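>>> Have a look at this prediction, sequence included:
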Amino acid sequence: MSLKESDKLIKICYEYFKKMGNYMEIAGEVKDMVLRYWPKAEVYLFGSTVRGEYTASSDIDILIVLDDKPSREEEYMVKAEVYRMVDAPIELHVA
C-alpha cells in the first residue's frame, strides 16, 4: 500500500470514528426526522456504541417504538429517508 493510499484509509477511519463519537448528535437528528413521520414515537439508543465498545464494524443502533406497527411500505419509506439523510453508520429497528 502506498503512502497516498494509507493516507486515504487513515482519513476514512478518522471520519468514521469521529461520527461514532458524535452518536448523540446523530441520534438527535434521527429522532427529529422520525418524529416528523411518527409524532408519538419513542426513540432509544442501544448497543455497542452507547456502551463505548464500538469497533470499525459497529453502527449506531436506534430503536423506534410505536403504538401501532406501520405497514411494511411505510416503515421502509421512513427508513430509506432517514438513511438517505444521515451520513453516519446507523441501524434502525422498528417495534
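Happy to help now that I have it. Quick caveat, the model's predicted, so the values are computed rather than measured.

>>> where in this structure is pLDDT low?
1-3, 6, 13-14, 16-20 (pLDDT under 70).

>>> For it, which segments count as helices?
Remark: helices assigned in the chain by DSSP state H are 3-21, 23-37, 48-51, 72-85.

>>> Go through those and name the closest to residue 61.
Nearest to residue 61 among these is helix 48-51; the distance by Cβ to Cβ comes to 7.0 Å. Just so you know, the C-beta spots here come from the backbone N, C-alpha and C atoms, and that holds for glycine as well.

>>> So for that closest one, what gets flagged as buried?
residue 49 (16 or more other Cβ atoms under 10 Å).

>>> would TSV of the helices of the chain with distance to residue 95 be doable?
TSV is the format used below for the helices of the chain (distance: least, Cβ to Cβ, whole Å):
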stretch	distance to residue 95
helix 3-21	24
helix 23-37	13
helix 48-51	17
helix 72-85	11
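
>>> what are the bridge partners for residue 91, then?
residue 61 (DSSP bridges).

>>> Contacts only, for it.
59-62 (Cβ atoms under 8 Å, 6 or more residues apart in numbering).

>>> Closest one of those to residue 87?
Among those, and counting by Cβ to Cβ, the member closest to residue 87 is residue 60, at 11.9 Å.

>>> Tell me, how many residues neighbour the closest one?
25 (other Cβ atoms under 10 Å).

>>> any idea how far it is from residue 5?
According to Cβ to Cβ, to the nearest Å, residue 60 stands 28 Å off from residue 5.

>>> same thing with residue 39?
47 Å.

>>> Same question for residue 55.
Distance from residue 55 to residue 5, by Cβ to Cβ: 22 Å.

>>> what's the answer for residue 90, then?
Residue 90 is 28 Å from residue 5, by Cβ to Cβ.

>>> Looking at the two, which is more packed in?
Taking neighbours as other Cβ under 10 Å, residue 90 and residue 5 compare with residue 90 leading, 20 against 9.

>>> What's the end-to-end length of stretch 81-94?
For stretch 81-94, the first-to-last residue distance is 14 Å (Cα to Cα, to the nearest Å).
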